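Peer 1: Compute the structure for the input listed below.
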Amino acid sequence: MLVSPEGKEFTYTLRFEFSTTNNEAEYEALLVGLRLARDLNIQHLKFKGFEIEHVRRSQNKKTDSLSKLASITFAHLAKEVVVETLERRSIDAEEVNDLYPDEENTWMKPIKDYLAYGILPEDKGDAKKIRIKAPSYKLQDGKLYQKSFLTPWLWCVGPS
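Peer 2: As a prediction, the model looks like this:
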């Protein structure tokens with residue numbers, strides 16, 4: 001369910017064409033919610049914080065009703081409830097969403113130029129900085145990635 005700042009609710013339920021655990025279903029619901037927000041052209045999703053709390057079905061009747069709706073026929077449902085059927089797990093999909101086009105003149109340009117063509121800035125100080133930074137970056141398919149301690153590589157993006 002997405003709720004607008006004005007309080008309008010966008011109710012959505014999923015039906016899976018594959019077996020899934022509760023955790024996988026919640027993961028799929030999160031991904032579908034993010035795709036729905038993108039499709040509705042929502043520009044800002046604000047996360048001031050979050051809590052994970054187990055809510056019993058008896059205390060969460062609206063969500064429980066939505067989960068049951070997905071397992072029955074859809075012809076009689078109101079137009080306010082959107083039902084989507086997922087044929088495969090999102091993790092299995094080969095979908096890549098480029099949210100913003102690559103920007104030309106960003107902090108990444110000197111590093112990309114050096115890695116791709118060996119070109120350094122004319123300023124000696126800037127050139128030295130690029131030479132020092134460059135080993136922690138790699139250029140793959142025109143996109144810049146930086147080494148990370150916690151994950152394999154981080155995709156570098158511009159200000160947009």
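Peer 1: which helices and strands sit right next to the top helix by length along the chain?
Peer 2: With residue count as the measure and DSSP state H as the assignment, the chain has helix 22-39 as its longest helix. With contacts taken as 3 or more Cβ pairs under 8 Å, 6 or more residues apart in numbering; DSSP states H and E, helix 22-39 sits against strand 2-3, strand 9-16, strand 81-86. Backbone N, C-alpha and C define where each C-beta goes, glycine included.
Peer 1: The first one - what's its average pLDDT?
Peer 2: Per-region confidence: strand 2-3 scores 71 on mean pLDDT.
Peer 1: Also the longest one?
Peer 2: Looking at strand 9-16 alone, the average pLDDT works out to 76.
Peer 1: Tell me the strands beside that strand, with direction?
Peer 2: Partners of strand 9-16 in the sheet, by DSSP bridges, are strand 2-3 (antiparallel), strand 81-86 (parallel).
Peer 1: Show me what counts as buried in the longest helix of the chain.
Peer 2: Within helix 22-39, the residues scored as buried using 16 or more other Cβ atoms under 10 Å are 28-29, 31-33.
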